[in-house]
Every structure is written in structure tokens, then in C-alpha cells.
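>>> how would this look folded up:
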Amino acid sequence: MGNVTWTTKSSRTVYENAWIRVREDEVVRPDGSDGIYGVVDLQNDAVFVVALDERDRVLLVHIDRYTVGSSWEVVAGGTDGEDPLFAARRELLEEAGLEANEWIRAGAMRALNGVCNAQETVFIARGLREAQDATAHRIEEGITESRWVPLPEALAMSTTGEIADSETLAALAMASAKLAASAH
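The predicted structure follows:
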């Protein structure tokens, strides 16, 4: 039957910047054959914030992404090597001008795990208030607008194509599951 796991024979970095590292690995596949595998490593973990108001509406931001164009997403960003909760608080402030009294860790996930090594943490933020000294970076981030949407409607936006970002959908699903579990 051969090898039951992947084995790395060699690895070389083919590109690197402050955010990502792309490497090419010579591997032995689980079937025992030789191959090449390309991997994108995020230099820092990412955070996703499902910000909920008192009516359980989630904040969605409309972002113009260089890679895919316009996209409705939850607040998100890189940790810059910081503690994930610290980064989540910063991203909520920068992208929405909001602070939260309550932070719930909904869980961890990985993005595009077939080609990426990207650790992500999802938080639920509640008890929201406008920040007194909000230094939002909305224009720098490409955020053009925001809107509050009931959580079930936000999940349904995936069926219409309004939300196509898989990490946003996963964060919404994870937050919904966490809230449902804590309600019992």
C-alpha cells in the first residue's frame, strides 16, 4: 500500500514578503510516488470578527479586493504576530470604528488548506459601541460601505452570491454554531 502520509524530501522558498512565503516542496505522496507541492505560508495568523449588535445583526463591510474585486465580508485582518484577541480588537476599531464589551472565541479554522498554511481565529464581538477616538482605516483597507444584516440573512447571502468569501461564510457558520451551542 505504500506510505500512508506525505513526506517532504526538500523544500525551497520561491517567493517571500512581509505577508506570505511561497515554497516548493519535493514530496513523496501517500501512494509512494514522487511529486512537487506548492505551499503558501501566511507569515502571521489572521482573525475574523463577527460583530453582533443588540438585535443579533452582523456587521458586513464592503471591500474592494485587489484579487477578486468587490466583496461583502466580516471584519478581518492579520495579527501582525500579536495575540489574536488584541488583533481582533484592533481590526474592529480600524475597519468599523467600534469597540466591544464582550468577546467570545468561536473557534479556529484554516483557509485553503490544500495549498495554504493559514491559521485563523474567529471571534464574536458583542456590546458594541462607537469608539471615542476611532482612527478607522476604511479607505486604506478598500472599505466602501458597511451594513447590518440579521445573522440568518447573512448566511443566506451565500446562496445569492452576495457573499462569496469562503472565510466570511465559515466565520458566520462558526459563530452561529457557537451561539446555538451556548443557548442550550
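
>>> could you find the closest non-adjacent residue to V115?
Closest residue to V115 apart from its sequence neighbours, by CB to CB, 6 or more residues apart in numbering: V40 at 6.0 Å. Every residue, glycine included, has its C-beta placed from N, CA and C.

>>> whoops, I mixed them up, G127
Closest residue in space to G127, ignoring its immediate chain neighbours: N101 at 3.0 Å, by CB to CB, 6+ apart.

>>> cool, and F123?
A88 (4.6 Å).

>>> what's the burial count for that neighbour?
28 (other CB atoms under 10 Å).

>>> again with R105
The local packing of R105 (other CB under 10 Å) involves 13 other residues.

>>> just give the nearest non-adjacent residue to it, would you?
The nearest residue in space to R105 (CB to CB, 6+ apart) is F123, at 5.9 Å.

>>> I163 too?
M157 (4.2 Å).

>>> part of a helix, is the one you found?
Yes - going by DSSP: H, G, I helix; E, B strand; the rest coil, the assignment for M157 places it inside a helix.

>>> for the residue nearest to G127, which residues are in contact?
In this structure, N101 makes contact with R126, G127, L128, R129, judged by CB atoms under 8 Å, 6 or more residues apart in numbering.

>>> was I right about the second one contacting L98?
No - in this structure, G127 sits apart from L98 without contact. The criterion is CB atoms under 8 Å, and the distance is 10.2 Å.

>>> who has more neighbours out of those two?
The residue with more neighbours, out of G127 and L98, is L98; 22 against 12, by other CB under 10 Å.

>>> quick check: the more buried one vs A171, distance?
When CB to CB, to the nearest Å is applied, the distance between L98 and A171 equals 16 Å.

>>> and the top helix by length along the chain, what's buried?
Using DSSP state H to assign secondary structure, the helix with the most residues in the chain is helix 166-183. When burial is assessed from 16 or more other CB atoms under 10 Å, helix 166-183 yields the following buried residues: E167, T168, L169, A170, A171, L172, A173, M174, A175, S176, K178, L179.
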